[in-house]
Each structure stands twice: as structure tokens, then as C-alpha cells.
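Undergrad: mind folding the following:
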Amino acid sequence: MSRVMVGQTNVLRHALAACLAGGHVLFQDVPGTGKTTLAATMAKVMGLSFTRVQGTPDLLPSELVGTMVFRPDTGQFEFRKGPVFTQVLLMDEVNRATPRTQSALLEAMSEQQVTVDGLTRRLQDPFFVMATANPLESQGVFPLPEAQLDRFLVQLRLGYVELEEELEMIRRIRLQNPVVPEAVLNTQSLLEAKGAVRSVHVAEDIIRYIAVLCRKTRSHADVALGASPRAVLYLTAFSQALALLSGRSYVLPDDVKEAWYPVMRHRMMTRSGWSEADGEQNQIDLILTEVLEQVPVPTEIDYDHGASM
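TA: Numbering: from 1, shown residues only. Here you go, the predicted model:
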């Protein structure tokens, strides 16, 4: 993936870890930073089917999940699948879709199923959603509700690359033959990798460290709403995935620290409001750093047996 995406190694690592952990990604960034390219590249490399949907105010839930259509030749109603029936779904500008459409996506993300005309239909496994939102837009958008924000495992930002990386991007895309990504995984190998993530060992002291970190956000003086119990589970799962990508079968405190910001940024509400604006986001980062510094890091852990030495 790094052969296609220049200078975004860390974001690629976190997006892949989110997929292996069984979660979904919210990209909150300005246009033109490569979010669509990243999603399409990931789908290709993982050997999964890929669909892109553009969020607009007139996008109906039925256009996302599917609808029943009447076939005159058979005299029967037939279910016509929507674009959500894929393995990697890119929901571009999700905050431009109406709350009704967002709620339809919410069921697909949290339950891996959709309900149409009272009938529930399962989605493919794996099912991975990458949604984008422009934090600078304020007109014609519908802010994501807290419940849907909490369903995203991580919030990532690509940002702008360094000068040399931008020069390399020009050479690679405009002056040379573009790199065509090739599949190195398939559905079966990806499912096996997801199973391997669940088996990554988390020592008892690491579990306590994760729980204490999340609980600390709830009592912070500047926080109106801290980490939910789901955040505790997601922080654990993402730390396991990062450990696996690092070639380990156990979680280190450094994995938790690396997972801390991507998992927690979009779950925090300060007393001044949700973290849509840059100023609010900076405040949340400062709070997360403060919490991370206040909680003692577990040491001398028996990672093989999960007991303190």
C-alpha cells in the first residue's frame, strides 16, 4: 500500500489494524489528501470487493441498503441489493447524508446486517466501512450523532505530507507509470488474520491499564462526556491489532499508547461541545495527553502468562 500512498505509512498501519480488529474508520480531513485512493488501495491489496457511495442530502436509505422491486415477468417482489452489500464500503462525505440514511449505515456497521421490509439480511464477512467527513464544512451537512461516532473504531487524519514526499508523489503519479496495487490477501486469509488478532494475549495489568485510562477521562474537569464502555473494548482490540502488525503475540503498553489517540479523539466531548472544530480537537488532544501522563504505566509484566512478576 505504501507504494501507492506516499508518506502515509502510519495512517495505512492504523487503517489496516482497524480492519483486522473488526472495526470501522472515520477519516476527518480536508479534500484531496488521498482518502478515496487509500480505501480503494486497501480493498485491492486485501483482495476484497469495494464500493464507493457519495453522501448527499437526497441519498435515501433504500439507495444504500437496497429495496424490494416488483418484477412483472414473475409477478413477484424481489430484493435488489444496495451498495452496502460489499466487503469494503467507502462512504464519502458521510455527514452530507441525512440522519435517516446515517441510521441505516449505523445498523450495517454495528450489526453487520440490514433490515428491509421487516426482513433481516446479513452482510458479507469481512465488512469494513471507511467514511470521510470534511471538518471545515458547516453548510448542508448533518453532524454525526454520538451513537454513530462511537461505532467507528478510530478517527484518522491523513494531513499534508512533507516536501520530499510531495515531490515523490508528483514523480510517481505524473512522471512515471502509476503503481497498480496487487492483491496479497484474500477473504479467507483476512478472516484468519482477524482471528489471530483476537488471540493476541493481553496481560491482566495491561487490561487494568486500559480500563483506568478510559475511566480517567470521565472524571476530568474539562470533559463533559468521557470514554464509553465500548471505548474500553475498542482500545483493547486496536492494541491487539497493532501488536500483531508489529509481529508480537502479546500487547505492550506502547501498543496502548499508540492506539490511545486514534481510538479516543472522536469519543470525547468537552464542556464546550463536540470535537468538530480544530480548536476543540486540539483541546481534546491536550486532555488525552494529560490523562496518559497521569496514569502509571505497568512494568515488569509476564507477557507469556499474563501475571505480574
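
Undergrad: now do the same contact list for residue 182.
TA: 44, 45 (C-beta atoms under 8 Å, 6 or more residues apart in numbering). Quick note: C-beta positions are derived from backbone N, CA and C, even for glycine.

Undergrad: can you do 10 Å?
TA: 3, 44, 45, 47 (C-beta atoms under 10 Å, 6 or more residues apart in numbering).

Undergrad: which of those are buried?
TA: 44, 45, 47 (16 or more other C-beta atoms under 10 Å).

Undergrad: show me the shaky parts of the chain.
TA: 136-140, 273-281, 300-309 (pLDDT under 70).

Undergrad: residue furthest from the geometric center of it?
TA: Distance from the C-alpha centroid of the chain, by C-alpha atoms, centre = their mean, peaks at residue 73 (43.0 Å).

Undergrad: coming back round to it: just give me the closest of the contacts of residue 182 to residue 92.
TA: Using C-beta to C-beta, the shortest approach to residue 92 within the contacts of residue 182 belongs to residue 44, at 17.4 Å.

Undergrad: chain neighbours aside, what residue packs nearest to the closest one?
TA: residue 181 (4.4 Å; C-beta to C-beta, 6 or more residues apart in numbering).

Undergrad: quickly find the element holding the one you found.
TA: Per DSSP states H and E, residue 181 falls between elements, in no helix or strand.

Undergrad: quick check: it touching residue 41?
TA: Yes: the pair residue 181 / residue 41 is scored as a contact, 5.1 Å apart, by C-beta atoms under 10 Å.

Undergrad: now do the shared contacts for the two.
TA: 1, 3, 4, 5.

Undergrad: of all those residues, which two lie farthest apart?
TA: That would be 3 and 5, which, of the shared contacts of residue 181 and residue 41, are the farthest apart (C-beta to C-beta) at 8.1 Å.

Undergrad: anything in contact with each of the two?
TA: Counting by C-beta under 10 Å, 6+ apart, the residues touching both residue 3 and residue 5 are 41, 179, 181.

Undergrad: need the contact list for the second one.
TA: If you count contacts by C-beta under 10 Å, 6+ apart, residue 179 has them with 1, 2, 3, 4, 5, 41, 172, 173.

Undergrad: turn those residues into CSV, including secondary structure.
TA: Shown next, in CSV, are these (DSSP: H, G, I helix; E, B strand; the rest coil):
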residue, secondary structure
1, coil
2, coil
3, coil
4, coil
5, coil
41, helix
172, helix
173, helix
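
Undergrad: of these, closest to residue 120?
TA: residue 41 (32.2 Å).

Undergrad: quick one: the helices in the protein?
TA: 9-20, 35-46, 61-65, 99-111, 146-151, 163-170, 187-198, 204-218, 229-245, 253-264, 278-294 (DSSP state H).

Undergrad: what helices or strands is the last one leaning on?
TA: Spelled out, that is helix 278-294. Other helices and strands packing on helix 278-294, by 3 or more C-beta pairs under 10 Å, 6 or more residues apart in numbering; DSSP states H and E, are helix 204-218, strand 223-225, helix 253-264, strand 269-270, strand 273-274.

Undergrad: okay if I get the contacts of residue 179 as JSON lines plus distance to residue 262?
TA: Converted to JSON lines, the contacts of residue 179 look like this (distance: C-beta to C-beta, whole Å):
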{"residue": "1", "distance to residue 262": "17"}
{"residue": "2", "distance to residue 262": "18"}
{"residue": "3", "distance to residue 262": "23"}
{"residue": "4", "distance to residue 262": "21"}
{"residue": "5", "distance to residue 262": "17"}
{"residue": "41", "distance to residue 262": "19"}
{"residue": "172", "distance to residue 262": "27"}
{"residue": "173", "distance to residue 262": "27"}
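
Undergrad: how many residues are close by residue 158?
TA: Neighbour count of residue 158, defined by other C-beta atoms under 10 Å: 22.
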